[in-house]
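>>> Dropping a prediction and its sequence here:
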Amino acid sequence: MDYPHAEPSQDDAVPAGNSLISLVIPVYNEEESLSPLLKEIRAVFAELDRPWEVILVDDGSSDGSWRVICELSRSQPEVRGLRFRRNFGKAAALQAGFSASRGDLILTLDADLQDDPREIPRFITALGEGYDLVSGWKKIRHDPWHKVLPSRVFNWLVSKVTGVYLHDHNCGFKAYRVEVIRTIRLYGELHRFVPVLAAAEGFRVGELIVRHRPRTFGHSKFGMSRFIKGFLDLVAVRFVSHYGRRPMHYFGTLGFIGIVLGLFLFGLILLFRLLSEASCLDLGISALSELALLFAGGSAIVLGTQSLMLGMLSELVASRLAPGEPPYRLWETVPDSRQ
């Protein structure tokens, strides 16, 4: 196992063996795989001897997935189902499942049978070693090369940009302490960046090599467009995780650079004119070049000023968006206020 982001704390033991474990599984046109998946999950928890629940979130399926979910829920009391009126995306499905979960530990996995439920005990053990979030790493993937290669490039880019070094940020097989899912909020397509969002809040993130199985039923629901969307989301996550509570630092820096650059260009024009008049020499600066420098300097000052104004407006929004939420996350108190 590789835990690349943070050292665990042995003081944070995994919840007791009788605590509930919740499995959140987004579903989109997976009617054939749901019954086999639940059979495997039941077999795993029969060996673990721990209480569990499965929350199946139907993300607007057009096949018979909801019918199967209803049948499973009627025959198995551990199974609950949620259904969207249309396809809202994986992030929305996960967020709905998180809100409905009742466990102290929450695991997510895909419904297509490529994630092996037999890995669940290993995730629980990893959380018991002091991590708040453990992300799966499909080191050996059974997917076409045109999916694997762009995915590896994307994961490398995410690690470099965010500083959270994982091999497989987008792996759907993850385990969380309940504090993580109660803190982060998913929207858009930010499910790809859950470890980054968690690390930005100070949670300890680890990684676990997991078995990846070939797809048995259906086909992949993701196309090449997800990499374009993923890059745009990466820019947003980088900004939110680093400047979400201090946007003026970002926009103010850009504004300061723009204004200083504009003033420098204006000063350069003035210096050329003074030197030309004082020495009666032609310094090779044409009227067209002066006009270009004047336009560039004016544009830099205008854009810099606008950036400063945008930073001020962003600070106003950030200060009023969640007035009751402190800009920090308490970890422990002494003495323990819960006692």
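Looks like it arrived, so ask away.
>>> got the end-to-end distance for stretch 126-140?
For stretch 126-140, the first-to-last residue distance is 20 Å (CA to CA, to the nearest Å).
>>> Pull out the buried positions in it.
Buried positions in stretch 126-140, judged by neighbour count with 16 or more other CB atoms under 10 Å: A126, L127, E129, G130, Y131, D132, L133, V134, S135, G136, W137, K138. Backbone N, C-alpha and C define where each C-beta goes, glycine included.
>>> now do stretch 234-248
Here stretch 234-248 shows L234, V237, R238, V240, S241, Y243, G244, R245, P247, M248 as buried, counting by 16+ other CB under 10 Å.
>>> In helices only, show me these.
Within these, residues falling in helices by DSSP state H are L234, V237, R238, V240, S241, Y243, P247, M248.
>>> show me where the chain has helices.
Using DSSP H, helices in the chain cover 31-48, 65-75, 90-100, 120-128, 145-162, 178-183, 194-200, 225-243, 247-279, 287-321.
>>> For D59, which of those helices is the nearest?
helix 90-100 (4.5 Å; CB to CB).
>>> Check the offset of the closest one from the chain's centre.
In terms of CA atoms, centre = their mean, to the nearest Å, the centre of helix 90-100 is set 13 Å apart from its chain centre.
>>> What separation do you get for L166 and V54?
Noted for L166: a distance of 26 Å to V54, by CB to CB, to the nearest Å.
>>> swap that for L271, sorry
L271 is 72 Å from V54, by CB to CB.
>>> Pick out whichever of those two has more residues nearby.
Comparing L271 with V54 by other CB atoms under 10 Å, the one with more neighbours is V54, at 26 against 11.
>>> just checking, the more buried one touches L82?
No: at 11.3 Å, V54 does not count as touching L82 under the criterion of CB atoms under 8 Å.
>>> For the nearest residue to P51 once chain neighbours are set aside, give me its contacts.
The shortest distance from P51 to any non-neighbouring residue, by CB to CB, 6 or more residues apart in numbering, is to L20 (4.9 Å). Neighbour list for L20: P51, W52, E53, R102, G103, D104 [criterion: CB atoms under 8 Å, 6 or more residues apart in numbering].
>>> out of the residues you listed, which is most surrounded?
G103 (21 neighbours).
>>> If we ignore the residues flanking it in sequence, what's nearest that residue?
S22 (3.3 Å).
>>> For that neighbour, give the beta-bridge partners.
When bridges are taken as DSSP bridges, the partners of S22 come out as E53, I106.
>>> count of neighbours near it?
Count around S22 with other CB under 10 Å applied: 24.
>>> Isn't it up against L107?
Yes: with contact defined as CB under 8 Å, S22 reaches L107; the gap is 7.3 Å.
>>> Out of the helices and strands in this structure, which is least certain?
Within the chain, no helix or strand scores below helix 225-243, which has a mean of 71 by mean pLDDT, DSSP states H and E.
>>> one step back: could I get the buried residues of stretch 234-248 as TSV with distance to M309?
Converted to TSV, the buried residues of stretch 234-248 look like this (distance: CB to CB, whole Å):
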residue	distance to M309
L234	26
V237	25
R238	22
V240	21
S241	24
Y243	16
G244	19
R245	19
P247	12
M248	11
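>>> In space, what's closest to the residue most central in space within the chain - neighbours in sequence excluded?
Centroid-nearest residue in the chain: F193, 1.8 Å away (criterion: CA atoms, centre = their mean). Leaving out its chain neighbours, the residue that sits closest to F193 by CB to CB, 6+ apart is V237, at 4.5 Å.
>>> OK, contacts around that neighbour?
Per CB under 8 Å, 6+ apart, neighbours of V237: T162, L190, F193, V196, L197.
>>> By neighbours, which of these wins?
F193 (27 neighbours).
>>> quick one: that residue from P150, how far?
Distance, F193 to P150, by CB to CB: 17 Å.
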